[in-house]
Each structure stands twice: as C-alpha cells, then as structure tokens.
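> please find the sequence and the predicted model below.
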Amino acid sequence: SVPLLWALMSNKNEECYANIFQLVKREFPNLKITKCMSDFETAIENAAKSTFPGVVIKHCYFHYAQAIQKNAKRLGLVGKKTNKYTHPEIYIVLSQIKYLAILPAEFIEETYERIKAYCRDEFGELFDEFFDYYERQWIKKVKPEGFTVYDMDGDRTDNWSESRQRDRNNDLKKNPYPNIFIILQKFVCIEA
C-alpha cells in the first residue's frame, strides 16, 4: 500500500474527513475509489460512503484484535495475575475469538456460538460479561460482514500507516511547536 496523500487535520470528525475526500474526488476525477480501510472509525466510514457511493468499507484486523484484548483486560479476564502462563485456557479462548475474523462472514456466528457453549460448559460464568460485550459490539453492531477479513486481498491491517504516523509524531514531539516548513521537511524526509 502506498499513501495517496497526507492530510494535516485539526479534527477527526466526519466533516473534516468529508472535506478531504471531496478534495481527492475533485483533484483526481478519474480515480475510482472502490475500497476504504478503516480502524472502525464511524466518521471515516460515513464520509467515505457519502463521497464515494458504492465504496466497500473494510476494517483493520489489528484493531479488531486489539479491541478484543483491551476489553478482556477491562473485564478482568486478563491482567497482572492472569497471564498466558498462569491461565492459558483464557488466552486460547481469546485467540479463538480473534480468529473468528478470518472466517467467511456466514460461518462466524455459528462458530462463535460453539465457542460460547464450550466456555459455558468448561468455565461456567467466567466469560459471560465478555460474551455480552462481544455480541453487543461485534455480532450486532459491527456485524460479521463488517469485521471479517476473509475475503480481503492485500493488506488485512493498516499497521503500515499506523507505523508511519507514530514515526512522524515521534519526530514532531522533538519540536512541540513546529512551523509548517518543519512539518513539510519531515514529510519529505520520511518519503525519501
């Protein structure tokens, strides 16, 4: 993947994204945007759909897996006293949940139900809160079609973009009040 453009934004709301997408559409009228990868940001998705009718929104597998891990931690399934060495069974179940995104969308719910039934038999109520979260967020809200990466050709994550963004931010932190020329110089150095 290669960036089409860089945009310095004052906000990450739908209006700002729509303005950038409109600029792309205006400046590159022959460009046909058919897919857009997002890290589950509603603002990007809505702006892309309204600017590029028919665009297919794909989501980043890394951000899906990261959300699973963060919520498992928030709900107390993993933490300082619960790690992959002391409780490997928890990590196996969480891995199975993460790998649901690799399945075709039509197999996700059925496989999820099997995992859930196994966990209820083996662990009682241990995973109940986590499963409530997963069903609410992933099965009902995002839906399997929205988080499966099974049918994606090419990158299944936007980590290359995240990595570049982190590098730029680290460079700019060295000069917390850069002017536009310093910022542009950093972009040129990164792309060279």
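Sure, I can see it.
> stretch 21-29 - what's its average pLDDT?
Average pLDDT, stretch 21-29: 93.
> kindly apply the preceding question to stretch 129-143 instead.
Stretch 129-143 shows a mean pLDDT of 96.
> please apply the same query to stretch 60-67.
Stretch 60-67 shows a mean pLDDT of 90.
> ditto for stretch 185-192
Mean per-residue pLDDT for stretch 185-192: 63.
> what do you get for stretch 108-117?
The predicted model gives stretch 108-117 an average pLDDT of 98.
> may I see the buried residues of it?
108, 112, 115-116 (16 or more other Cβ atoms under 10 Å). C-beta: built from backbone N, CA, C; applies to glycine.
> kindly report the same for stretch 89-97.
90-91, 93-94, 97.
> spit out the contact partners of residue 97.
For residue 97, the contact set (Cβ atoms under 8 Å, 6 or more residues apart in numbering) comprises 68, 112, 115, 134.
> which one's the longest helix in the protein?
The residue-count maximum for a helix in the chain (DSSP state H) belongs to helix 105-123.
> quick one: contacts of that helix?
Residues contacting helix 105-123 (Cβ under 8 Å, 6+ apart): 89, 93, 96-97, 100-101, 103, 126-127, 131, 134, 139, 143-145, 148, 150.
> which helices and strands does the helix or strand just after that helix pack with?
Sequence order places helix 128-134 as the next helix or strand after helix 105-123, per DSSP states H and E. The elements that helix 128-134 packs onto, with contact taken as 3 or more Cβ pairs under 8 Å, 6 or more residues apart in numbering; DSSP states H and E, are helix 61-74, helix 105-123.
> which among the buried residues of stretch 89-97 gets closest to residue 44?
residue 97 (24.7 Å; Cβ to Cβ).
> so where does the closest one fall, helix or strand?
Going by DSSP H and E, residue 97 is part of helix 88-99.
> centre of the chain to that helix, how far?
Mean-position distance between helix 88-99 and its chain equals 19 Å (Cα atoms, centre = their mean, to the nearest Å).
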